[in-house]
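> 3D, please:
(chains A and B)
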Amino acid sequence: MNAVANHVRVSADDGLLVRWPAPLPDGERLVLRHTASGHGRAVNLAADRTSCALHVGDLGPGTWALHLEAGSLTRPLLTDDPGFSHDGLRAYAALPRRRSVRVTRSSDGHAALDVQEVEPHAEVELVHPRDGEIRIGGMLAYTGPRPGGARLLAVARKGSATVTGTARVHGTEFHARLSARGFATERPGLWDLWLAVADLRARLATLLDDAPGKRGKVSFPRQTVRDMSVRPYYTARDELAVACHRTEEQP
Amino acid sequence: MKITFMLLDAFTIDGTVRGTFTLAGELARRHEVEIVSVLREADAPALPLSPRVRLRSLVDLRTGPRWPFGDRAARLMKEPSRLVHPQERCYEYFSALTDERLLRALRRLRTDVLITTRAGLNLAAAQHAPRRTIRIAQEHLQLRVHESGILAEIERWYPTLDAVTTLTVADRAEYMRLLPDGSCPVLTIGNGLPDRLYPHSRQENRIVMAAGRLVWTKGYDLLIDAFAEVAGKHPDWRLRIYGQGPRRDALLARVTRLGLYNNVLIMDSTDDVEGEMAKASILAVPSRGEGFGMTIIEAFACGLPVVAFDCPHGPREIITDGHDGLLVPPENPAALAETLIRLIDDEELRHRMATNARTTAKNHRIPEIADHWENLLTTLHP
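Next up, the predicted model:
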C-alpha cells in the first residue's frame, strides 16, 4: 500500500512540509521532478521518517511532480490533503515575491508544485456597484505593505483616456472608489482597472480564490448615469474591468 | 457471466452514468461487462470508465466526417419514437432511428444479464429482449416522477422482468404497492462510491459547496435565497455551485438581484468534484426531490457534513440527522439558512460530523454495493 501523506503545504517562507501519519519504510526519499526538463531534486526524510521539509523558493517555473523514491523504485506522492487554504494563500501573497509556489493535487491524488513567476496585483475581494459608485476592497498581492498615496485608475482599452478614483491602502489592505459619473462623459468602451500606489501600478484581479474562469460566472449590476450604463465585469484572465455602453445600445 | 448495461447516453455527466460506470467497473473485475449507450455524442465518455468495460453505442450523434450518416438515418432521426412512451422523461432524445437500432440491439443481444437504467429502456427490455437473458430494470429516479400513461406501462410490463432495483427503501415500497403480488422481486441497492483515494476537507475554507445539474428539481434557487441570509450574518462565507443546465442564467440573475455577487459563484461542472468538495466545509443539497443523492455520499467520503432538504427520498435514507449531516424541512429557505448558519457557527460540530461522515461513507463503497449485486445475480443465474 502506498503511503498517503496527510499534509502537503508550502508556508509563507517557501518551506515545503510533507507529513505522513505513520513512519515510511527505511530508505524512502522525496523527489521533486520538473516535468518539462526532467530535472530532479531528492531530499531525505526527517529522522522519524514521518515528515520531510525543504526550501522550494528557488525552484524554476513550471510543474514539479512529487515522488517517493526507494532504491530504483519511484512512485507518485499520494495525498489526501486538498492543498488549498484561502487564508494560507492570502498570507503567502501578503509578502513581496517574484515567484509563487502552490501545491496542487490531481483528481487521482498525486501531489505537485506549481511554480509561477508573479507580478504584484491588487487582489479584489469585494465589489459593490451602488449609489453611483463602484467600491472595491481587497489586498495587495506579492508586494508587501506599500505606504503612500494611492489612486484607482480606469484606463480605456482603446485610446488613452483615464478615469481616476480614490483609494486608501493600510498595510496590504486596500479600499477604492470609482464614481460611475466619471464614465458618463467618456466614449463607450471597456476600461481596465489599476491600483496606483507609490511607484507601483497593480492590475485589479481575483486570482487567490482558486476559482479561475469567473468571466460570465459573476454578474455585477449595472448603474446608469445619464445615458451611459456602467458595469464591472471579470475578463477571461479574472481581471476586473468596467464595461460602458450607451443605454440605447443595450439589447 | 456476461453483463450488459444499457444507458441512454454514456457520454454525458449525471448520476446515472456515474453510478453505472462505477458498478460496471467493479463487476468487470470478475465478469465480462459491456455498456451499450443508445446515443453517442463524443469521442470518449466525460467520466472515467474502467478499461475492463467495453463501451459501444447505437446512434452516433457526433458531427464531422460521419455526418450525415445517410439520408434514411437522417430522416428517421427526425421522426418521433414509437417504441418509447411519450411520457418517458427523456422522450425527446429518442427517435424512429433509436427505435430501429434499439430493437435490433435487443433482439441480437448475446448476454447473460441485461441491466437497463431508465424507464424507456426498461420497458423496451421487458418487451423485446430475449427471454433467455436475465433482465433487470434499475430505477435511478423515483416511481413517483412518472406520469400516469407510462406508469400504466410500468405496471403492465415490469412484472415480466426478472428484477427491479431501486436506490431507496422508500421507492421500493412504492414499487411494491404498484406491482402485483408475486411478480418480479424489487430490491434496494444504492449507488456505490468508487474505490479511490478521497481528499479530506480540513474545514479551513469558508466555503459552502453544491454540485449538480442546474435544473428546477435541484432547488438551487432556494439555496441562493437561503444564502442571502447566511451572507448577511457571515459576509466572509462563500457559496460555490458547480454544474451546468438550463437554469444557469436565471440563477445568475437571482444572485445579482439579491446582491450576492461577492458571495455566490456558479461554476462550470468539474471533472474533479471531490477535489472541490475537499476545499469546502459544508455540502448543501437543496433538492426538491432526490432519487438517491450521489453527491451526499461523495461529500461524506471527503469529510463534509451535508445540509439537505428532507425531500423524497434519498437524503433521509443516507443522512443520519445530527450525526453526519442535518435535514431541513423541504423547500424552506429560511430553515435552510438557519441550519447553515448553525453549522457555520459551530466549528466543533462541523469537525465531529465530518469524522462521522467519513465513517458513513464506508458503507457505500462500491465493493460492498457490488456484493449486493453479486447476490442478486447469483440468485437469478445460479
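> low-confidence ranges in the stretch 101-250 of chain A?
Applying pLDDT under 70 to the stretch 101-250 of chain A picks out residues A:249-250.
> Near chain B, which residues of it? Just list them.
A:105-109, A:125-128, A:209-211, A:213-214, A:217-221 (C-beta under 8 Å from any C-beta of the partner chain). To be clear about C-beta, it is placed using only N, CA and C from the backbone, and glycine gets the same treatment.
> For burial, what's the neighbour tally of the closest residue to A:D14 other than its chain neighbours?
Nearest in space to A:D14, with sequence neighbours left out and distances taken as C-beta to C-beta, 6 or more residues apart in numbering or on different chains, is A:G57 at 3.2 Å. For A:G57, the tally of surrounding residues (other C-beta atoms under 10 Å in any protein chain shown) stands at 15.
> A:G57 contacts A:S11, correct?
No - A:G57 lies out of contact with A:S11 (C-beta atoms under 8 Å); the separation is 10.2 Å.
> Tell me which residues touch B:H364, please.
B:H364 sits next to B:190-193, B:297, B:300-301, B:318 when contact means C-beta atoms under 8 Å, 6 or more residues apart in numbering or on different chains.
> I'd like the list of these that fall within helices, please.
In helices, judged by DSSP state H, the following of the contacts of B:H364 are found: B:297, B:300-301, B:318.
> and the two most separated of the contacts of B:H364?
Spanning the widest gap among the contacts of B:H364 are B:G190 and B:A301, at 13.7 Å by C-beta to C-beta.
> hmm, who's touching the one helix or strand B:G120 maps to?
Using DSSP states H and E, B:G120 falls within helix B:119-128. The contact list for helix B:119-128 (C-beta under 8 Å, 6+ apart) reads B:6-8, B:38, B:83-85, B:88-91, B:94, B:102-103, B:106-107, B:114, B:116, B:135, B:137-139, B:141, B:146, B:150, B:153-154, B:157-158, B:160-161, B:164.
> can you check stretch A:156-165 too?
So stretch A:156-165 is contacted by A:134, A:151-155, A:176-179, A:182-183, A:186-187, A:189-192, A:241 (C-beta under 8 Å, 6+ apart).
> circling back: tell me which of the contacts of helix B:119-128 fall in helices.
Mapping those onto helices (DSSP H) picks out B:102-103, B:106-107, B:150, B:153-154, B:157.
> Report the buried members of those.
Applying 16 or more other C-beta atoms under 10 Å in any protein chain shown to those, the neighbour count classes B:102, B:106, B:150, B:153-154, B:157 as buried.
> Intersect these with the contacts of chain A.
Counting by C-beta under 8 Å from any C-beta, no member of those is near chain A.
> now, which of those sits nearest chain A?
B:L102 (33.7 Å; C-beta to the nearest C-beta).
> show me what contacts that closest one?
B:38, B:58, B:83, B:121, B:124.
> if we go to 10 Å?
Counting by C-beta atoms under 10 Å, 6 or more residues apart in numbering or on different chains, B:L102 makes contact with B:6, B:36, B:38, B:58-59, B:81, B:83-84, B:94, B:120-121, B:124-125, B:128.
> Any quick PyMOL command for the buried ones out of these?
Applying 16+ other C-beta under 10 Å to the contacts of B:L102, the buried members can be selected in PyMOL as follows:
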select buried, chain B and resi 6+36+38+58+59+81+83+84+94+120+121+124+125+128
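> Would you agree B:V230 is in contact with B:E338?
Yes - counting by C-beta atoms under 10 Å, B:V230 touches B:E338, with 9.4 Å between them.
> Between those two, point out the one with more neighbours.
A direct count of neighbours by other C-beta under 10 Å for B:V230 and B:E338 places B:V230 higher, at 25 against 15.
> tell me what the helix or strand encompassing that one is packed against?
Here B:V230, judged by DSSP H and E, is contained in helix B:220-233. Secondary-structure packing of helix B:220-233 (3 or more C-beta pairs under 10 Å, 6 or more residues apart in numbering or on different chains; DSSP states H and E): strand B:207-211, strand B:238-242, helix B:248-257, strand B:264-267, strand B:282-285, strand B:306-309, helix B:333-345.
> Give me the distance from that helix to the chain's centre.
Remark: helix B:220-233 is offset 25 Å from the chain centroid, using C-alpha atoms, centre = their mean, to the nearest Å.
> Return that helix as CSV; C-alpha atoms alone will do.
Output in CSV follows, covering the C-alpha atoms of helix B:220-233 (Å, rounded to 0.1, in the frame of the first residue of the first chain):
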residue,chain,number,x,y,z
TYR,B,220,-30.6,26.0,-6.3
ASP,B,221,-32.9,29.0,-6.4
LEU,B,222,-33.9,28.1,-2.8
LEU,B,223,-30.3,27.7,-1.8
ILE,B,224,-29.4,31.1,-3.2
ASP,B,225,-32.3,32.7,-1.3
ALA,B,226,-31.1,31.0,1.8
PHE,B,227,-27.6,32.2,1.2
ALA,B,228,-28.7,35.8,1.3
GLU,B,229,-29.4,35.2,5.0
VAL,B,230,-26.1,33.4,5.5
ALA,B,231,-24.1,36.1,3.8
GLY,B,232,-25.9,38.7,6.0
LYS,B,233,-24.6,37.0,9.1
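> Check the secondary structure at the residue of the stretch 151-251 of chain A found nearest chain B for me.
Closest residue of the stretch 151-251 of chain A to chain B, C-beta to the nearest C-beta: A:S219 (4.6 Å). Following DSSP: H, G, I helix; E, B strand; the rest coil, A:S219 is assigned to coil.
> ok, now which ones touch it?
A:231-234, B:249, B:252-253, B:255-257, B:261, B:266.
> I'd guess A:D114 is in a helix, am I close?
No - judged by three-state DSSP, A:D114 forms no part of a helix; its state is strand.
> From what I see, it and A:L66 are in contact.
No - applying C-beta under 10 Å as the test, A:D114 and A:L66 come out as separate, 11.4 Å apart.
> joint contacts of these two?
With C-beta under 10 Å, 6+ apart, A:D114 and A:L66 have common neighbours A:103-104.
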